[in-house]
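Chemist: Sequence first, predicted model second:
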Amino acid sequence: MASGTLNSLFTLWSFTYLIVLIAHFSIRKVLFEPYTLNYGWWVYLLGIPAVIISILMFRGGMTWSFAVGGVLCLAFSAFGYYADYVLGTPWRSPVYLPILVPYVLLYLGTIMFYWFPLALIDHGLWYAYAVLFAVSTYLNITSH
């Protein structure tokens, strides 16, 4: 794939991932218990296309920063699914640090490696992502 195509794919995926999270946090804000327990797991499935896109970035010769986000997303998805649905540990309230710390680090790492490489493509994309990140962070924090 040409670098222009890879740039477009990366941009499309980065924004798609964050917009899906915004939708997820918005629904969770209103319907936390029934939604999260029954349907929240589907967000973790996004780790699969994320890592596929990372492989395409790597094989396409993009710098490493374009490939890391998908790998972190897969790790975040696997860890989040395990913590939330396999263990079923209520780690958010009360706060259970052995789960909270790696969960937050993997989540933020994923977001940062989708956000920061956008500046290498276009600074306007970086600023647009910053606005959406602020929205998603607000919704994420207030939906618990």
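Modeler: Nice, thanks for sending it over. Every value quoted in this text rests on a predicted model; they were computed, and no experiment measured them.

Chemist: which is the next helix or strand following the helix ranked longest in the chain?
Modeler: For the chain, the longest helix by residue count, based on DSSP state H, is helix 3-30. Scanning forward in sequence from helix 3-30 by DSSP states H and E, the next helix or strand is helix 32-39.

Chemist: Could you tell me which residues within the longest helix of the chain count as buried?
Modeler: For helix 3-30, the neighbour count (16 or more other C-beta atoms under 10 Å) marks 6-7, 9-11, 13-15, 17-18, 21-22, 24-25, 27-28 as buried. (Glycine included, C-beta is placed from N, CA and C.)

Chemist: got a pLDDT number for residue 1?
Modeler: Predicted confidence (pLDDT) for residue 1: 67.

Chemist: What is the least confident helix or strand in this protein?
Modeler: Least confident helix or strand, the chain: helix 32-39 with a mean of 76, by mean pLDDT, DSSP states H and E.

Chemist: pLDDT on the first helix or strand past that helix going along the chain, on average?
Modeler: For helix 32-39, the succeeding helix or strand toward the C-terminus, using DSSP H and E, is helix 47-59. Across helix 47-59, pLDDT averages out at 98.

Chemist: My understanding was that residue 70 contacts residue 53; is that so?
Modeler: Yes: between residue 70 and residue 53 there is a contact under C-beta atoms under 8 Å: 5.2 Å.
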